[in-house]
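Chemist: Okay, predicted coordinates and the sequence, questions at the end:
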Amino acid sequence: MAVIRPLRPLRAAGGKSGKPVVESRLEDFVVITGFSGAGKSTAMNVFEDAGYFCVDNLPPEMIRSLVELFVHKGSKVERAAVVSDVRGGVYFEALRAVVDDLDALGLSHHVLFLEAAEQTLVTRYKETRRRHPLAPEGSVAAGVAAERALLEPLRGRADLVIDTTAMSAAMLREKIAEELLPRQTVGRLSVTFMSFGFKHGPPREEDLAFDVRFLANPHYERELRELTGLDRAVVEYIARDGRLDELYERLESLLDFLLPQYVAEGKAHLVIAIGCTGGRHRSVAIAEHLAERYRAHDDLDVAVAHRDLQKLTGSA
């Protein structure tokens, strides 16, 4: 039998109305729980992408210790989320007591409970060929039934219950963001425009890649060779025949369509790679141009990276 100890008192008597004994930067603490296979990993990814400190499969007794660390003077954690479910074994029975403690201490927190129809859960387990944690040697249906009995009391304590039966991962992400995330963190996509040179190898982390080696190559101009795409003279040389402006017209039209689709889908990170031969001239100029254009979008966090800019000049 697990020993359930209360959290150390952080407020003066009076519960939520009492004054804090210690200053804490913790603004929001989310406990994610519910049925195995209902989407808890997807939910945790939503909070992680929004900048929350996240921990998966944490027994309630360790949640207590984690909260104590977060509210300790000197902690810089402002938002945190933990997943706690039946994988925590006997400690799972203590989860309700932890929620009681959070209520009594007046800490800002939410309990997110995910569920789905029994047949949906069974189907998801069959598709992944995973064993249910409560029925390692038996049927998935038996495991779901046993889990339901354990979870029912906790379900009533949840701040938000989501039935994921008919939801895709993207729909679940959107629902959680709308209901629980601070408005300024909802729907922001981190976009990195990365220049690179094919001669140094293809990029490894790109989501989209564009080859711009058809444009005029400044490498063959002696006065431009040691310069880079950050220099105005190089940009003017690349643009002199009009093809650069044509590229921008078509590429920006494509990105204007794609980026809102990725935001709506709930995608958090996107790397757009622009490649030329050496990665110092054409790709650099275009990555800089695109980054500057899309920085004005409120739903995007834009960065630019030049993988091969510092490589020594050599063959084109």
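Modeler: Sure thing, it's come through. Numbers count the residues shown, from 1 in each chain.

Chemist: Is Ala80 bridged to anything, and to what?
Modeler: Residues in a beta bridge with Ala80, per DSSP bridges, are Phe29, Phe53.

Chemist: That one contacts Tyr52, doesn't it?
Modeler: Yes: Ala80 lies in contact with Tyr52 (C-beta atoms under 8 Å); the separation is 5.8 Å. Where C-beta positions appear, they are placed from N, C-alpha and C, glycine not excepted.

Chemist: joint contacts of the two?
Modeler: Each of Asp28, Val30 lies in contact with both Ala80 and Tyr52 under the rule C-beta atoms under 8 Å, 6 or more residues apart in numbering.

Chemist: Count the residues that sit near the nearest residue to Val302 once chain neighbours are set aside.
Modeler: Nearest non-adjacent residue to Val302, counting by C-beta to C-beta, 6 or more residues apart in numbering: Arg295, 4.7 Å away. The local packing of Arg295 (other C-beta atoms under 10 Å) involves 13 other residues.

Chemist: where's Arg295 relative to Asp301, distance?
Modeler: From Arg295 across to Asp301, the span is 9 Å (C-beta to C-beta, to the nearest Å).

Chemist: swap in Val55?
Modeler: 24 Å.

Chemist: next one: Ala177
Modeler: Relative to Asp301, and taking C-beta to C-beta, Ala177 is found at 15 Å.

Chemist: With neighbour numbers in mind, choose between those two.
Modeler: The neighbour comparison of Ala177 against Asp301 (other C-beta under 10 Å) goes to Ala177, with 20 against 14.

Chemist: CA atoms of the helix or strand containing that one as CSV?
Modeler: Here Ala177 sits within helix 169-180, counting by DSSP states H and E. Extracted in CSV, the C-alpha atoms of helix 169-180 (Å, rounded to 0.1, in the frame of the first residue of the first chain):
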residue,chain,number,x,y,z
ALA,A,169,-4.8,13.8,-33.8
ALA,A,170,-5.1,17.2,-35.4
MET,A,171,-8.6,17.7,-34.1
LEU,A,172,-7.5,16.7,-30.6
ARG,A,173,-4.6,19.2,-30.7
GLU,A,174,-6.9,22.0,-31.8
LYS,A,175,-9.5,21.2,-29.1
ILE,A,176,-6.9,21.2,-26.3
ALA,A,177,-5.3,24.4,-27.6
GLU,A,178,-8.7,26.2,-27.7
GLU,A,179,-9.8,25.0,-24.3
LEU,A,180,-6.6,25.1,-22.2
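
Chemist: hmm, who's touching that helix?
Modeler: 30, 39, 42-43, 45-47, 50, 110, 112, 160, 162, 164, 167, 185-187, 264-266.

Chemist: Can you point out the buried residues in it?
Modeler: Ala169, Leu172, Arg173, Glu174, Lys175, Ile176, Ala177, Leu180 (16 or more other C-beta atoms under 10 Å).

Chemist: List the contacts of Pro202.
Modeler: By C-beta under 8 Å, 6+ apart, the contact set of Pro202 is Phe196, Ala209, Gly275.

Chemist: Doesn't the last one belong to a helix?
Modeler: No: residue state for Gly275 (DSSP: H, G, I helix; E, B strand; the rest coil) corresponds to strand; a helix is not indicated.

Chemist: partner residues bridging it?
Modeler: Applying DSSP bridges, one finds that Gly275 bridges with Phe196, Asp211.

Chemist: Report pLDDT for it.
Modeler: Note on Gly275: pLDDT of 97.

Chemist: Surely it and Phe214 touch.
Modeler: No: between Gly275 and Phe214 there is no contact under C-beta under 8 Å: 11.4 Å.
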